[in-house]
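**Q** What follows is a predicted protein model with its sequence.
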Amino acid sequence: MRSIWNGAISFGLVSIPIKLVNATESHSISFRQIHLEDGGRIRYRKVCELEEREVSAPEIGKAYEDADGSMIPITDEDLASLPIPTARTIEIVAFVPADRIDPLQMDTAYYLAANGVPAAKPYTLLREALKRSQKVAIAKFALRGRERLGMLRVVDDVIAMHGLLWPDEIRTPESVAPDSSVTVRDKELDLADALMDTLGEVDLNDLHDDYREAVEELIAAKASGEKMPAAPSGEKGGGKVIDLMAALESSVRQAKVARGEDADDSAADVKPLRKGPARKVSPKPASGKKPAAKKTAAKKTAATKKTTADPTKKTATAKKTPAKKSPPRKRASA
């Protein structure tokens, strides 16, 4: 990997010669601008406004535009002579716990490589000190014409540096949160927790850029004259107002199916959101028949009618046949 900056790490009185290497690379597909009529390439040419001619790179310098529109030339020698200690030095100013760094401040990442054999020992010393302290180093350095803030940490056996934005470069999140006051129910939070647990964790190495792959397939198809790949069919959300509880329940079921689990509804048996206090609703029978309680009541009514009718019949029989005298006997309890 080609170094983009050479300098040293200032660690107290210890100086560690290092080379700065980009730690990331972009795999995004870039497009060129063309003239739609004939497909000709559109290029931007650097033209001098005074002479109205195109100029080459060696003829181009930098300048600061003043408020009145006048240009103040600034040379690389002017910038190199600035009296700042970080011109060619990454100056460590403090060591702090990693959780003290707001992820919003994180910027471009670099690898710091030891520059030469003499740098190996102090480089290893700083690396092991960072490992043992479980802290990160906060440093200042100058790159591409400005002083920057950086964070040094250990990645495997290499010291990496993340460029940090200055605190005053982070915007406050005013007027970003929802304006209206919203209350979230405990049952909704429980379903959200269940969805988070079901989705679980992921190995970031398993994730890939689906959009880039689709663009590559599209380019390959157009280059070979083949049929264009069809767009996947699916329902579009389109900003519709949805039932939050139903959406959460469906999400939990789909996540379980995706993980190969049994997507039973018991874990997500929550009523949909209603306006006002929720009403108690007795569960409906599964088969759509009348409840068992009504059947039992009907049977009891029929039994009562039968019992009422039977003594009449017995009385009528007793009137027709005179009863024989017999010694008194004990009645059997009903």
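**A** Nice, I can see it.
**Q** Now do residue 258 against residue 202, distance only.
**A** For residue 258, the distance to residue 202 equals 12 Å [C-beta to C-beta, to the nearest Å]. Quick note: C-beta positions are derived from backbone N, CA and C, even for glycine.
**Q** quick one, which of the two is more surrounded?
**A** The residue with more neighbours, out of residue 258 and residue 202, is residue 258; 11 against 8, by other C-beta atoms under 10 Å.
**Q** Return the distance of the more buried one relative to residue 129.
**A** Distance from residue 258 to residue 129, by C-beta to C-beta: 44 Å.
**Q** where are the low-confidence patches of the stretch 101-250 of the chain?
**A** Within the stretch 101-250 of the chain, the stretches with pLDDT under 70 are 229, 231-242.
**Q** Near the closest residue to residue 94 other than its chain neighbours, how many other residues are there?
**A** Spatial nearest neighbour of residue 94, excluding adjacent residues (C-beta to C-beta, 6 or more residues apart in numbering): residue 138 at 4.6 Å. Residues near residue 138, counting by other C-beta under 10 Å, number 18.
**Q** now swap in the one 3 residues further on and tell me
**A** Neighbours of residue 141 under the rule other C-beta under 10 Å: 24.
**Q** which ones are touching the closest residue to it other than its chain neighbours?
**A** Nearest non-adjacent residue to residue 141, counting by C-beta to C-beta, 6+ apart: residue 90, 4.3 Å away. For residue 90, the residues meeting the contact criterion (C-beta atoms under 8 Å, 6 or more residues apart in numbering) are 7, 8, 9, 10, 18, 112, 139, 140, 141, 150, 152, 161.
**Q** Now intersect the residues you listed with the strands, please.
**A** 7, 8, 9, 10, 18, 112, 139, 140, 141, 150, 152, 161 (DSSP state E).
**Q** confidence score at the closest residue to the third one other than its chain neighbours?
**A** What that stands for is residue 9. Of all residues not flanking residue 9 in the chain, residue 16 sits nearest, at 4.2 Å (C-beta to C-beta, 6+ apart). Here the pLDDT value assigned to residue 16 is 93.
**Q** Now stretch 191-205 - C-alpha only, PDB.
**A** Listed next in PDB are the C-alpha coordinates belonging to stretch 191-205 (Å, rounded to 0.1, in the frame of the first residue of the first chain):
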ATOM      1  CA  LEU A 191     -42.500  -6.600  20.900                       C
ATOM      2  CA  ALA A 192     -39.600  -4.400  19.800                       C
ATOM      3  CA  ASP A 193     -37.300  -6.300  22.200                       C
ATOM      4  CA  ALA A 194     -38.600  -9.600  20.900                       C
ATOM      5  CA  LEU A 195     -37.900  -8.500  17.300                       C
ATOM      6  CA  MET A 196     -34.400  -7.400  18.300                       C
ATOM      7  CA  ASP A 197     -33.700 -10.700  20.100                       C
ATOM      8  CA  THR A 198     -35.100 -12.700  17.100                       C
ATOM      9  CA  LEU A 199     -33.000 -10.800  14.600                       C
ATOM     10  CA  GLY A 200     -30.000 -11.400  16.800                       C
ATOM     11  CA  GLU A 201     -26.400 -10.600  15.800                       C
ATOM     12  CA  VAL A 202     -24.600 -10.700  12.500                       C
ATOM     13  CA  ASP A 203     -21.100 -11.200  11.200                       C
ATOM     14  CA  LEU A 204     -20.300  -8.000   9.300                       C
ATOM     15  CA  ASN A 205     -18.100 -10.000   6.900                       C
END
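**Q** Tell me how far that stretch lies from the chain's centre.
**A** Its chain's average C-alpha position is 11 Å from that of stretch 191-205, according to C-alpha atoms, centre = their mean, to the nearest Å.
**Q** Stretch 33-40 now?
**A** The mean C-alpha position of stretch 33-40 is separated from the chain mean by 39 Å, C-alpha atoms, centre = their mean.
**Q** average pLDDT for that stretch?
**A** 93.
**Q** Mind listing residues that contact that stretch?
**A** For stretch 33-40, the external contacting residues (C-beta under 8 Å, 6+ apart) are 41, 42.
**Q** Report the separation between the two terminal residues of it.
**A** Stretch 33-40 has an end-to-end distance of 9 Å (C-alpha to C-alpha, to the nearest Å).
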